[in-house]
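> Just to be clear, the model below is a prediction. Sequence and coordinates:
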Amino acid sequence: MFPQRLDSPLAYDVAKAMMDGFNRHYRLFRTESARAKHRFETADWHGQQRAQRERIEFYDLRVKEAVTRLEKEFKAGDQPMEVWQQIKLHYIGLLIDHHQPELAETFFNSVTTKILHRTYFHNDFIFVRPAVSTEYIENEEPAAAPTYRAYYPARETMHENIVRLVDNFRLQKPFEDLDRDAQLVVEAISGRLNQVKLRANFQIQVLSSLFFRNKGAYVVGKIINGFNELPFALPILHNKKEKLFIDACLFGEDDLQMLFSFARAYFMVDMEVPSAFVQFLRSLMPRKPRAEIYNALGLAKQGKTLFYRDFLYHLRHSSDKFRIAPGIKGMVMLVFDLPSFPYVFKVIKDYYPPQKDTTREQIQGKYLLVKQHDRVGRMADTLEYSEVAFARDRFEDELIEEIRKFAPSQLEISDRDGDGVEEVIIKHLYIERRMIPLNIYLQEAFDASALEQIERAVLEYGNAIKDLVAANIFPGDMLWKNFGVTRNGKVVFYDYDEIEYITDCNFRKVPEARNEEDEMSGEVWYKVGPKDVFPETFGPFLLGNAAVREVFMKHHGDLLDPAFWQSHKERIVAGHVHDVFPYERDKRFGRRQQAHHA
């Protein structure tokens, strides 16, 4: 029960210190995000990538700072239960009129759970549900930009509106020809509306900050006409003459879902009221969970909080059991799922076969590398949790035995609350979107003699590897089972225990056999260094099926040539940042500018 009175003078001071810690965090986060505009204007691509990587660390650093301060100044961990109840109430008071209340609540949870013993983790001490609504928060300060701007083509021509909405972002870099680009956008919109009658409320709404990622800046908005809303995005890029141009006009939920995919790096966006941005983006992509939208905006801790709330809600309203995930079992990760829930749960095993020369720490390092790297739409994002408790009766016995056998250090089963109800506690867990494993997808295509499906999947598989190469990633284990197919048919890599930077690999040709004995030998007779890669040897593992081999060799035969890999490595070492587009090339306007990228 909460106290009837607030009589601890210390409680307010602790709450205020915690709020100061959060405000410092968000100020630094926002400053770094806002600097993305200058990095884009000056084509500082390496700086942009570095900032995207470093910003991920901000949250944990600020939590650590806040914990240190609260322990040093207030001996927070020694305070009695009554004081902590009052701390939370004072904190709720500080959230009134706050512009990021949901993020501040999550920060409170992060700090509090670091300080208090685990038995305190219940409603009285943390925000299990939001205490403050995020609906319709706006920055009311006179000079502040609204969340979005509205443009009315009835007052000006559509062309003038497009020019004005781009000009309003005040990019300090000239466009090659903004009038021409605006005309191309107008033609694309007109073609999409296709002589639909314009209603009285016809307008274009555009979020007031640009979305920056890698080498692109994106205008994000929607066209409203009567009861219809059409989401759109305009990618702005640099050409080789260091002038700007609009590369495409992306339309509809599917295009926006690709842009905001869980397999891409996080955007840099300057947001005073993040919940208002999320609400707007949700109207463009209603099928995308709010958790994934917060993640895409770089607010990963909030994404984790919302995901976990959604997960608990799903558990409460479902009755199926966790099981060993279907498909080929991994050598390093134990994977399980809940059939009714569209995610898989991955635990690092305690033991690996001899050919896997690795450690738990190294595997965690690979997952962190992926989190911090540009995933170019080809590597699934993961949510990482520690000490996750599940009801024991939701687990199939076979799964419990599997964890007990392969990852005993990660499993605890106990009646923690002493109420006779057993819990399964997993010490360390990765959660990622469920996809159809590519080997199963291909097998189903073989069974149905669906040659078109085979061709599309193999083509996508090669494209996925080439996109990863462009982002300086060598997947390591390129077997079909380590790739998945998303709902939109994209092929995405999800097995990270052997990935390396391309620049750390040594790509070699298989040496000529010295004699007949070498040629007939089943063993490798030449010297192989720890980072040596022989692309010619990929074929036997991947191309056993004739239909697959034909498609692969037609489109991606260069992946078996060491020269392909070596030339990309040399360009990356020379400082070149490759172009990887978060939309299909046929979406691009038909001009032949040599874009640097998206």
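Perfect, thanks for sending it.

> Pull the number of nearby residues for Glu73.
12 (other CB atoms under 10 Å). For every residue, glycine as well, the C-beta is placed using N, CA and C.

> Next up, the contacts around it.
By CB atoms under 8 Å, 6 or more residues apart in numbering, the contact set of Glu73 is Ala17.

> And it, how close does it get to Arg62?
16 Å (CB to CB, to the nearest Å).

> mind giving me the domain ranges of this protein?
Here the domain parsing of the chain from automatic domain parsing is 9-120, 148-314, 318-434, 437-560.

> need these in JSON lines with distance to Ile572 and mean pLDDT, can you?
What follows is the domains of the chain, written out as JSON lines (distance: least, CB to CB, whole Å; pLDDT from 0 to 100):
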{"stretch": "domain 9-120", "distance to Ile572": "11", "mean pLDDT": "93"}
{"stretch": "domain 148-314", "distance to Ile572": "14", "mean pLDDT": "94"}
{"stretch": "domain 318-434", "distance to Ile572": "12", "mean pLDDT": "92"}
{"stretch": "domain 437-560", "distance to Ile572": "5", "mean pLDDT": "89"}
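
> the helices in the stretch 101-250 of the chain, which residues?
Under the criterion DSSP state H, counting those that start in this stretch, the stretch 101-250 of the chain contains helices at 101-115, 158-167, 178-193.

> Single out the most deeply packed of those.
With neighbours taken as mean count of other CB atoms under 10 Å, the helices of the stretch 101-250 of the chain reach their highest mean count in helix 101-115, at a mean of 22.

> In PDB, could you pull the C-alpha coordinates for it?
Extracted in PDB, the C-alpha atoms of helix 101-115 (Å, rounded to 0.1, in the frame of the first residue of the first chain):
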ATOM      1  CA  PRO A 101       7.300  11.100 -19.200                       C
ATOM      2  CA  GLU A 102       7.300   7.600 -20.500                       C
ATOM      3  CA  LEU A 103      11.100   7.600 -21.000                       C
ATOM      4  CA  ALA A 104      11.600   9.100 -17.500                       C
ATOM      5  CA  GLU A 105       9.500   6.300 -16.000                       C
ATOM      6  CA  THR A 106      11.700   3.700 -17.700                       C
ATOM      7  CA  PHE A 107      14.800   5.500 -16.400                       C
ATOM      8  CA  PHE A 108      13.300   5.400 -12.900                       C
ATOM      9  CA  ASN A 109      12.900   1.600 -13.300                       C
ATOM     10  CA  SER A 110      16.400   1.100 -14.600                       C
ATOM     11  CA  VAL A 111      18.000   3.000 -11.700                       C
ATOM     12  CA  THR A 112      15.700   1.600  -9.000                       C
ATOM     13  CA  THR A 113      16.300  -2.000 -10.000                       C
ATOM     14  CA  LYS A 114      20.000  -1.500  -9.900                       C
ATOM     15  CA  ILE A 115      19.800  -0.100  -6.300                       C
END
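
> quick one: contacts of that helix?
18-19, 21-22, 25-26, 59, 62-63, 66-67, 70-71, 76-77, 84, 88, 91, 94-95, 98, 121, 125-127, 130-132, 134, 137, 274-275, 299, 301-302, 305.

> And stretch 297-317, by the same measure?
Identification of contacts with stretch 297-317 by CB under 8 Å, 6+ apart yields 29, 33, 52, 55-56, 59, 102-103, 106-107, 109-110, 128-129, 266-269, 271, 274, 277-278, 289-295, 340-341, 383, 385, 390-391, 394, 431.

> how about that stretch: buried residues?
Across stretch 297-317, burial judged by 16 or more other CB atoms under 10 Å covers 297-308, 311, 315.

> now do stretch 464-482
Within stretch 464-482, the residues scored as buried using 16+ other CB under 10 Å are 464-478, 480-482.

> which ones among these are found in strands?
Residues of these located in strands (DSSP state E): 473-474.

> buried subset of the contacts of helix 101-115?
The neighbour count (16+ other CB under 10 Å) marks 18-19, 21-22, 25-26, 59, 62-63, 66-67, 70, 76, 84, 88, 91, 94-95, 98, 121, 125-127, 130, 132, 134, 137, 274-275, 299, 301-302, 305 as buried among the contacts of helix 101-115.

> The residue nearest to Ala131 when sequence neighbours are not counted: neighbour count?
In space, and not counting its chain neighbours, Ala131 is closest to Ile92: 4.9 Å by CB to CB, 6 or more residues apart in numbering. Other residues near Ile92 come to 16 when the count uses other CB under 10 Å.
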